[in-house]
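S.K.: dropping a prediction and its sequence here:
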Amino acid sequence: EAGVAQSPRYKIIEKRQSVAFWCNPISGHATLYWYQQILGQGPKLLIQFQNNGVVDDSQLPKDRFSAERLKGVDSTLKIQPAKLEDSAVYLCASSLGGSSGNTIYFGEGSWLTVV
Amino acid sequence: GNSVTQMEGPVTLSEEAFLTINCTYTATGYPSLFWYVQYPGEGLQLLLKATKADDKGSNKGFEATYRKETTSFHLEKGSVQVSDSAVYFCALSDEASGSRLTFGEGTQLTVNP
């Protein structure tokens, strides 16, 4: 079974530029997540989708971050304009459902460096 | 709100030593508890989980027991190997937050031959 796919794996951009990350979850997984992991810290949830609807985006900096999952399958996370503090690994993850106890499967991450 | 506290790292052990990484939590309701592992340059992988009190999760020689009375989920392994070198994250989800995970800060483990 294919895992969660993410691209690109690595990206270096200058501050105030824009960047987009793509994620394809495990087939059949209704729930998709984007987490931000700053070096030396645990991942923090940015946004959660259930099919093509947003369940929780309370921690998403909406002035610069946006995400969509238009057809309820793959998803794109965009940052515009980027700031230095956005340097992090962006982890996409998916699970069968959205209830507690569901196992969440993570992709390998997209590493962003903002210079 | 929910929170997870892990023992401070990094932890350095010799091969075949006993490993304990402490994890305590604060949660509303009855959480499910997880340990994830992150090898260098890779994403997070589920190591084990427990969904109710007194459950023991186990995988690859690692174990953790869900202790509600002490709100803990300590990770243990009897004999570590060099290949266990990684960052270990304790995490929880609960009914209020659904499947969303709250993570601890992670503990870096280095095992020397």
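M.R.: That came through fine. Numbers count the residues shown, from 1 in each chain, chains lettered A, B, ... in the order given.
S.K.: name the residues of chain B found near chain A, please.
M.R.: Residues of chain B lying near chain A by Cβ under 8 Å from any Cβ of the partner chain: B:4, B:31-32, B:36, B:41-46, B:49, B:51, B:89, B:91, B:93-95, B:97-101, B:103-106. The C-beta positions use only the backbone N, C-alpha and C, and glycine is treated the same way.
S.K.: at 7 Å what do you get?
M.R.: Chain B has residues B:32, B:42-44, B:46, B:49, B:51, B:89, B:93-95, B:98-101, B:103-106 near chain A, with proximity defined as Cβ under 7 Å from any Cβ of the partner chain.
S.K.: where do the strands sit along chain A?
M.R.: Along chain A, counting by DSSP state E, strands occupy A:5-7, A:10-13, A:19-24, A:31-37, A:44-50, A:53-56, A:65-68, A:75-79, A:88-95, A:105-106, A:110-114.
S.K.: ok, which of those comes nearest chain B?
M.R.: Nearest to chain B among those is strand A:105-106 (4.2 Å), distances taken as Cβ to the nearest Cβ.
S.K.: does chain B have contacts with that closest one?
M.R.: Yes - Strand A:105-106 comes into contact with chain B (Cβ under 7 Å from any Cβ), by way of residue A:106.
S.K.: give me the sheet partners of that strand and which way each runs.
M.R.: Its sheet considered, strand A:105-106 pairs with strand A:88-95 (antiparallel) by DSSP bridges.
S.K.: what are the C-alpha coordinates of the partner strand, in PDB please?
M.R.: Output of strand A:88-95 as PDB, limited to C-alpha atoms (Å, rounded to 0.1, in the frame of the first residue of the first chain):
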ATOM      1  CA  ALA A  88      10.200  24.200   9.100                       C
ATOM      2  CA  VAL A  89       9.200  20.800   7.900                       C
ATOM      3  CA  TYR A  90       5.700  20.700   6.600                       C
ATOM      4  CA  LEU A  91       4.200  17.200   7.300                       C
ATOM      5  CA  CYS A  92       1.200  15.900   5.600                       C
ATOM      6  CA  ALA A  93      -0.700  13.100   7.200                       C
ATOM      7  CA  SER A  94      -3.900  11.100   6.700                       C
ATOM      8  CA  SER A  95      -6.200   8.700   8.600                       C
END
